[in-house]
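Visitor: turn this into a structure:
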Amino acid sequence: MSTLSDREQIETLKYRYVRALDTKDWDAFGDTLTEDVTAGYGDRLTFSGRAAVLSFMTENLGSDVITVHNVHHPELHVDGDSATGTWSLEDTVIAVPYKLLLRGAAIYTDRYRRCEGGAWRICATGYRRIYESTLSLDDLPSFTLTSR
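Guide: Coordinates of the predicted model:
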């Protein structure tokens, strides 16, 4: 495969990762990760293995928690069957049961591995926050979800 093709496949993989996370498509989300993936989201959340990542996501980001993750400005470096990537992230979380609105930005750092059959998967992922802010929805009396 050409480097350009690999880069395009890795970009598509990362976009699928955030789309599947936001739409709660847990099968598609899990398929973006290697079995032995490591993940670190900020200073508080670290996981080893696909099962651990999926368990946390499904238990904590169910249908009553709305997430929107936008990744952009990829810096990708491919070296044979492995690659690294750095991405800018902007995210919004609306946790309805907790009446919480979270907004943030971060820098993702990923490692990728070409797996059997040629598909790229994320084997390590994590981010370092630039900022994170929270607001109680109680402080926004006019806040209304008009679509969900």
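
Visitor: the lengthiest strand in the chain: how far from the chain's middle?
Guide: As assigned by DSSP state E, the longest strand anywhere in the chain is strand 120-136. Put simply, strand 120-136 sits 7 Å off its chain's centre (CA atoms, centre = their mean, to the nearest Å).

Visitor: same deal with stretch 68-84?
Guide: Counting by CA atoms, centre = their mean, stretch 68-84 is centred 12 Å from the centre of its parent chain.

Visitor: related to what we said a few turns ago, which helices and strands sit right next to the longest strand of the chain?
Guide: helix 3-23, strand 33-41, strand 100-114 (3 or more CB pairs under 8 Å, 6 or more residues apart in numbering; DSSP states H and E). In this view, the C-beta of every residue, glycine as well, is placed from N, C-alpha and C.

Visitor: of all those, which lies closest to residue 86?
Guide: Among the helices and strands packed on strand 120-136, strand 100-114 comes nearest to residue 86, with 5.6 Å by CB to CB.

Visitor: for that closest one, buried residues please.
Guide: By neighbour count on 16 or more other CB atoms under 10 Å, the buried set for strand 100-114 is 101-102, 104, 106, 108-114.

Visitor: looking at those, which is nearest residue 34?
Guide: residue 113 (5.9 Å).

Visitor: any idea how far the residue nearest to the spatial centre of the chain is from residue 108?
Guide: The chain has residue 18 as the residue nearest its centroid, 4.7 Å off, counting by CA atoms, centre = their mean. Using CB to CB, to the nearest Å, residue 18 is found at 10 Å from residue 108.

Visitor: can you check which residues contact both of those two?
Guide: Residues touching both residue 18 and residue 108 (CB atoms under 8 Å, 6 or more residues apart in numbering): residue 71.
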